[in-house]
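K.L.:
Dropping a prediction and its sequence here:
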Amino acid sequence: MAQFTSKDRQRIIDEYLAGTGRNMFVPSEFIDWLEINPHHEAYPWFFAKDDAEAAREYRIGLARQMASGLRIISKVQVPESKSVTVRVREYPAMVSPISGRKSGGGYEPFHPDDPAMVSELRKQGAQALRAWLNRYRGVMEGSGANLSQLEEIVDQIECSVMDAA
């Protein structure tokens, strides 16, 4: 099955809109149109699987949504002379490693003491923060926000993830 870039997806949707004379993308209408155009490059993306397989994947996606955003709280004790300092950090309960997603992936319990898992979560955090910056930069800077410190933080995280790899 093809992996379409955002440029490919934009082109496909623009071609669909131009070809059908629509000025608004309605997903259900696009699927109906694609279903009767089996030679279109995007057809396999939506119709390569039978309905039972597609329904199962949809349900797996729902299960992922259910787990998404859940947190575990981990208390880290750092001994300092005679007293103990407790730092509370919040982590997701489950993490979906990027490397396994193409083959169906899945979620793994997050362990804050596992350096590989911490590195994976840092990598995902940097990607999400970079995506947020790319999406909202214009409107934030347009309202006078200075995003340079946030940009530096993302750069630092990305560098530390690359160094750890």
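P.N.:
Right, received. Where do you want to start?

K.L.:
Now do the SS call for the residue nearest to residue 100 when sequence neighbours are not counted.
P.N.:
Of all residues not flanking residue 100 in the chain, residue 106 sits nearest, at 6.7 Å (Cβ to Cβ, 6 or more residues apart in numbering). Placement of C-beta: from N, CA and C, glycine included. The local conformation at residue 106, judged by DSSP: H, G, I helix; E, B strand; the rest coil, is coil.

K.L.:
Please report the number of neighbouring residues for residue 106.
P.N.:
Residues lying near residue 106 (other Cβ atoms under 10 Å) number 13.

K.L.:
Ok, the one 10 residues further on next?
P.N.:
Counted by other Cβ under 10 Å, the residues lying close to residue 116 total 10.

K.L.:
That one should be in a helix, yeah?
P.N.:
Yes. Assessed with three-state DSSP, residue 116 lies in a helix.

K.L.:
and it, what does it touch?
P.N.:
Contact analysis of residue 116 by Cβ atoms under 8 Å, 6 or more residues apart in numbering lists nothing.
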